[in-house]
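**Q** 3D, please:
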Amino acid sequence: MPTILIVDDNAPLIQVMAPMLAGLGQVRFATSGAAALRQMRLDPPDLVLLDAEMPEMDGFEVCAAMRADAALEAIPVIFVTSHDDLEAELRGLAAGAVDFIAKPVREPLLVARVTTHLRLKHLTDELRRTAQRDGLTGLHNRGSFDQHLSREWQRSLRTGTPLSLVLLDVDHFKRYNDHYGHPAGDACLRAVAAALGGLARRPGDLAARVGGEEFAVLLPNTTPEGAREVAEAICQAIGQLALPHAASLTADHVTVSLGVAGWVPRPSPHDGAEQALMKRAGEALYDAKAAGRSRVGPVARATPDAAAGSYVPAPINATRCPA
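**A** Have a look, this model is predicted:
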């Protein structure tokens, strides 16, 4: 059921509008712009009905703040205003609104416009989900993963919380394809993806297919030690699938090698600083393969380097996958 947020400092008007919208979704409300933004950042709604004129922070400022926030920018905003002049409409559209409704609110018009924009939002969300997904496995694709990595890096930078990453590769996958054929190889990748999706379950966790047989799991607010536990659980879950791999040089079933990296991001003058996490996890994955595969490589975590004023990796020892 979609969620509709009414933002207005006039509580009686909220009481009038809420019953009109009850059949369209779950109705929430906020009585100030600042309270609305706090609520949206905790639980983004599907549509916002926004009063243009409010004290302290007016609707135009709220709308502009939403458009500047990657988590809120796609939410449609309908201004509800007592002004019906061209200048006010142009100002609202420039701030990012999709529609206007004049006060006093008429129920048929309100319901029709909210219904239309909820339908458009649903279609847009479906298109976005399709564009972000890997066609074979249903996991996020590389483009979506890179966007989430950048977003979570910035979030961790603001909050001072750790961000960790698990990279994994299906061992001897080319030999698997050569032995069993590509349709079986595709089925193998789908099974691995399903196991990953079952383990990346917290809000914010993200599982993605980032290469042919390479996968990634992004773990916000997770220490390197916590990420290693996730990696070991992944390694064990893939082994327990017991997918036969007669051509493997490691085991008689499909196994994976994993690399883990994680630390609390620090400010950097360089763009793309989050790619250091990918680089370190990739190096740990390479070490896992070099050590014999079917294991979690030495985990790259960060410790302050007083001399350089930056972070350097401090490894946690490699471990074999649990049986």
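**Q** going forward, measure contacts and count neighbours with C-alpha atoms only.
**A** OK.
**Q** can you tell me what sits against the strand or helix carrying Ile14?
**A** Using DSSP states H and E, Ile14 falls within helix 11-21. With Cα atoms under 8 Å, 6 or more residues apart in numbering as the test, helix 11-21 has contacts from Ile6, Asp8, Val27, Phe29, Thr31, Val105, Glu107, Leu110, Val111.
**Q** tell me the one of those nearest Ala207?
**A** Val27 (31.7 Å; Cα to Cα).
**Q** angles on the backbone of the closest one, please.
**A** When read as degrees, to the nearest 10, the backbone of Val27 gives phi -100, psi 130.
**Q** over to Phe215?
**A** phi -130, psi 160.
**Q** contacting residues for it?
**A** If you count contacts by Cα under 8 Å, 6+ apart, then Phe215 has Leu167, Leu168, Asp169, Ala207, Ala208, Arg209 around it.
**Q** before we move on, what SS does Leu168 have?
**A** Classification of Leu168 by DSSP: H, G, I helix; E, B strand; the rest coil places it in strand.
**Q** you'd agree it is up against Leu218?
**A** No - Leu168 lies out of contact with Leu218 (Cα atoms under 8 Å); the separation is 11.6 Å.
**Q** where does the closest residue in space to Asp99 that isn't next to it in sequence sit: helix, strand or coil?
**A** The shortest distance from Asp99 to any non-neighbouring residue, by Cα to Cα, 6 or more residues apart in numbering, is to Ile78 (4.8 Å). Assigned state for Ile78: strand (three-state reduction, three-state DSSP).
**Q** pLDDT score assigned to Ile78?
**A** Model confidence at Ile78, expressed as pLDDT, equals 96.
**Q** related to what we said a few turns ago, show me which of the contacts of Phe215 is closest to Gly226.
**A** For the contacts of Phe215, the nearest to Gly226 is Leu167 (14.4 Å; Cα to Cα).
**Q** thought Gly282 was touching that closest one, still the case?
**A** Yes - counting by Cα under 8 Å, Leu167 touches Gly282, with 6.7 Å between them.
**Q** overlap in contacts of these two?
**A** Joint contacts of Leu167 and Gly282 (Cα under 8 Å, 6+ apart) are Gly259, Val260.
**Q** when these two are compared, which one has more neighbours?
**A** More neighbours surround Leu167 than the other of Leu167 and Gly282, with 27 against 22 (other Cα atoms under 10 Å).
**Q** now the more buried one. Nearest residue, chain neighbours left out?
**A** Ala216 (4.5 Å).
**Q** what of Ala207?
**A** Nearest non-adjacent residue to Ala207 (Cα to Cα, 6+ apart): Val217, at 4.4 Å.
**Q** could you chop this structure up by domain?
**A** Domain segmentation of the chain under the TED database yields 3-131, 142-301.
**Q** before we move on, the earlier item: make CSV from the contacts of Phe215 and add pLDDT and distance to Ser257 to it.
**A** Below are those laid out as CSV (pLDDT from 0 to 100; distance: Cα to Cα, whole Å):
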residue, pLDDT, distance to Ser257
Leu167, 97, 8
Leu168, 97, 6
Asp169, 96, 5
Ala207, 97, 16
Ala208, 97, 16
Arg209, 97, 15
